[in-house]
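S.K.: Coordinates for the following, if possible.
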Amino acid sequence: MNEEIEQLRAFIEQHAATEEQKRALLETVNIFSKWDAHRTNIRFELLTPLNAILGYCYLLLSLKDGELNEDQKEHVKQIEESVLRLAKMIRDIFSEGFRF
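M.R.: Numbers count the residues shown, from 1 in each chain. Got it, this is the predicted structure:
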């Protein structure tokens, strides 16, 4: 991404018609660059607790701490499915192909 931004900046420097246009375009590039870094951080912050929840689900289903009854197993599996669905949505929203 940084290489693409640098190429875009170089293009603007060479092809902008006026200094005002150059300044405005470079400022826009800077805003998008900052947003990209922020977007990566948001994705990480949203996925981190989901990974912990998923880990606890796997721990409970492994039966290392004792047996679960059928209702409890079903509830843990529902939590696991919900976490996986939510994690996929977050990854899709914040993927490289999706831009705000």
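S.K.: Buried residues, stretch 76-89. List them.
M.R.: Val76, Glu80, Val83, Ala87 (16 or more other CB atoms under 10 Å). C-beta: built from backbone N, CA, C; applies to glycine.
S.K.: distance between that stretch and the chain's centre?
M.R.: 16 Å (CA atoms, centre = their mean, to the nearest Å).
S.K.: contacting residues around the residue nearest the centre of the chain?
M.R.: The chain has Arg43 as the residue nearest its centroid, 2.7 Å off, counting by CA atoms, centre = their mean. Going by CB atoms under 8 Å, 6 or more residues apart in numbering, Arg43 touches Ile90, Arg91, Phe94.
S.K.: Pull out the buried residues from these.
M.R.: The neighbour count (16+ other CB under 10 Å) marks Ile90, Phe94 as buried among the contacts of Arg43.
S.K.: Do you know the pLDDT at Glu67?
M.R.: Listed pLDDT for Glu67 reads 92.
S.K.: Any idea which helix or strand in this structure has the lowest mean pLDDT?
M.R.: Within the chain, no helix or strand scores below helix 2-15, which has a mean of 80 by mean pLDDT, DSSP states H and E.
S.K.: what's the angle from the lengthiest helix in the chain to helix 2-15?
M.R.: When the chain is parsed with DSSP state H, its longest helix is helix 19-61. On the basis of axes from the mean of the first three to the mean of the last three CA atoms, to 10 degrees, helix 19-61 is oriented at 170 degrees to helix 2-15.
S.K.: pLDDT (mean, whole number) over helix 19-61?
M.R.: On average, helix 19-61 scores 88.
S.K.: Give me the distance from that helix to the chain's centre.
M.R.: 5 Å.
S.K.: Repeat that for stretch 73-91.
M.R.: Distance, centroid of stretch 73-91 to centroid of chain: 17 Å (CA atoms, centre = their mean).
S.K.: so for that stretch, what's the average pLDDT?
M.R.: 95.
S.K.: ok, residues contacting stretch 70-79?
M.R.: Contacts for stretch 70-79 (CB under 8 Å, 6+ apart): Ile53, Cys57, Leu60, Leu61, Leu68.
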